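1. fold the stuff below for me.
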Amino acid sequence: MLIDLHIHTYPKSKCSNMSPEECIEKAIEIGLDGLVFTEHNICWQKSELDSLNKKYDILILGGIEITTIEGDILVYNHFFDPITKLPKTQEIRDILGNSKDSFMAIAHPFREFLVVGIGDLGLDINEIMNRPIFNILDGIEIFNGLVSRKANRLAKTICNKKNLICIGGSDAHELFQIGKYVVEFENEIKNEKDLVNELFKRNFQIKHFKK
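-> Next up is the predicted model:
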């Protein structure tokens, strides 16, 4: 199954320029099997997702992208009330616990590298790896459709060195961005629980699906 794990739609994500319906229709057009709506600091209600899944012949799942002090965090298979403050990542981990019922990954961790490089920041790999955030994550988004190749390469390097789970997604806010990076799962995904289980089992490959 080809699933885009990182999608933003309007009006839940004010920064997006596409409605859920437009997004779904485009995903079907380009051949995706599923989407995960990861709106900023707000979750889709199960009833809303059920309605979309009944209407369209494509899997629609819910996640969330939480803005934290240390960066943006993607969470799958946990329902949050709308988040109105700026939490620490550790607070999110405390809510989720250490079970494998949910999955937490940092999104586009080196987005600033669109502008500056690691040398310009005066950092080295070991210094980055020692950041506390990387000890409380399940995974890292190593392919993000909106950041530079350099930033994605650095994310992949850190993810592999920390032995975390590497994921990818388009981070689409516009129709043409949908499906740039997708995850191809070996087994069928039917719900958020299945998604998390397969992520932890690493039964997938990240693909550059669409230019």
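2. the protein: strands as residue ranges?
-> The residue ranges that make up the strands of the chain, judged by DSSP state E, are 2-7, 34-37, 59-68, 71-76, 103-106, 139-144, 165-169, 181-185, 204-208.
3. let's have those strands in JSON lines, adding mean neighbour count, mean pLDDT and distance to residue 156.
-> (Glycine included, C-beta is placed from N, CA and C.) Output for these, formatted as JSON lines (neighbours: other C-beta atoms under 10 Å; pLDDT from 0 to 100; distance: least, C-beta to C-beta, whole Å):
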{"stretch": "strand 2-7", "mean neighbour count": "26", "mean pLDDT": "98", "distance to residue 156": "16"}
{"stretch": "strand 34-37", "mean neighbour count": "26", "mean pLDDT": "98", "distance to residue 156": "20"}
{"stretch": "strand 59-68", "mean neighbour count": "22", "mean pLDDT": "98", "distance to residue 156": "20"}
{"stretch": "strand 71-76", "mean neighbour count": "22", "mean pLDDT": "96", "distance to residue 156": "16"}
{"stretch": "strand 103-106", "mean neighbour count": "24", "mean pLDDT": "98", "distance to residue 156": "13"}
{"stretch": "strand 139-144", "mean neighbour count": "24", "mean pLDDT": "97", "distance to residue 156": "4"}
{"stretch": "strand 165-169", "mean neighbour count": "24", "mean pLDDT": "98", "distance to residue 156": "6"}
{"stretch": "strand 181-185", "mean neighbour count": "24", "mean pLDDT": "98", "distance to residue 156": "12"}
{"stretch": "strand 204-208", "mean neighbour count": "16", "mean pLDDT": "96", "distance to residue 156": "9"}
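4. what number of residues lie near the nearest residue to residue 133 once chain neighbours are set aside?
-> The spatial neighbour of residue 133 that comes closest, neighbours along the chain excluded (C-beta to C-beta, 6 or more residues apart in numbering), is residue 70 at 4.7 Å. Around residue 70 there are 18 other residues, counting by other C-beta atoms under 10 Å.
5. repeat that for residue 171.
-> Using other C-beta under 10 Å, the number of residues around residue 171 comes to 26.
6. residue 31 too?
-> The criterion is other C-beta under 10 Å. On that basis, residue 31 has 11 neighbouring residues.
7. got a list of what residue 89 touches?
-> For residue 89, the set of contacting residues under the criterion of C-beta atoms under 8 Å, 6 or more residues apart in numbering consists of 68, 69, 70, 71, 73, 106, 133, 136, 137.
8. could you list the low-confidence segments of the chain?
-> For the chain, the stretches flagged by pLDDT under 70 are 112-123, 211.
9. show me where it has helices.
-> Taking DSSP state H, the helices of the chain run over residues 20-30, 46-55, 89-96, 118-121, 125-129, 149-161, 192-201.
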